[in-house]
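Visitor: the following block contains a protein sequence and its predicted model.
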Amino acid sequence: MAEISTEAQLATFINVFPTKPRDQQRLVDLIVKAHEELIRHRPGYVSGNVHRSTDGYQVVDYTQWARREDFEAMVRDPAVAPHFAPIGELTQGRQCAYDVVYSHATEGGTTHE
């Protein structure tokens, strides 16, 4: 499970993939497959989350790694290319590294006013 905290010393990468509503589920399936078959088994992998927009036009892949170098080693590995090629046929994502600067969670559940 993702740990979103200013105190966690994790490397966070967020990939935003534009898509068409007709392709969104296929894109989600391909990204989840890449996580299940490859990414989550890589050294330094901490967590992965895939989100789809309710309008059908975006998919977001949120991954956390122990170190930035672990992520970079995964991307450079030639064995990874076959897993990412079908994703690249559907869309070109925008990948960026992030630092958590603020995070808050309500203790014990949801706040109702």
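Guide: Thanks, I have the structure now. Note that this is a predicted model, so its numbers are computed, not measured. Residues are numbered from 1 along each chain as shown.

Visitor: please enumerate the helices of the protein.
Guide: 21-37, 68-76, 81-90 (DSSP state H).

Visitor: what residues does residue 42 make contact with?
Guide: Residues near residue 42 by CB atoms under 8 Å, 6 or more residues apart in numbering: 70, 73-74. Placement of C-beta: from N, CA and C, glycine included.

Visitor: filter the residues you listed down to the buried ones.
Guide: residue 74 (16 or more other CB atoms under 10 Å).

Visitor: lowest-confidence one in the contacts of residue 42?
Guide: Note: of these, the lowest pLDDT belongs to residue 74, at 92.

Visitor: grab the nearest non-local neighbour of that residue.
Guide: residue 42 (4.7 Å; CB to CB, 6 or more residues apart in numbering).

Visitor: I figured residue 27 hits residue 57, correct?
Guide: No: look at residue 27 against residue 57 with CB atoms under 8 Å: they stay out of range, at 10.9 Å.

Visitor: these two: who's more crowded?
Guide: Remark: of residue 27 and residue 57, residue 27 carries more neighbours, 23 against 14, as counted by other CB atoms under 10 Å.

Visitor: stretch 37-54 - what's its average pLDDT?
Guide: The model assigns stretch 37-54 a mean pLDDT of 96.

Visitor: start and end of that stretch, how far apart?
Guide: 26 Å (CA to CA, to the nearest Å).

Visitor: from the chain's centre, how far out does that stretch sit?
Guide: 5 Å (CA atoms, centre = their mean, to the nearest Å).

Visitor: list the buried ones in it?
Guide: 38-39, 44-48, 50, 52.

Visitor: returning to that earlier point: give me the common contacts of residue 27 and residue 57.
Guide: Residues touching both residue 27 and residue 57 by CB under 8 Å, 6+ apart: residue 19.

Visitor: dig out what residue 13 forms beta bridges with.
Guide: Note on residue 13: beta-bridge partners by DSSP bridges are residue 63, residue 97.

Visitor: tabulate the buried residues of stretch 37-54 (CSV), appending distance to residue 16.
Guide: Output for these, formatted as CSV (distance: CB to CB, whole Å):
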residue, distance to residue 16
38, 20
39, 17
44, 22
45, 20
46, 20
47, 18
48, 15
50, 12
52, 12
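
Visitor: all set now, cheers.
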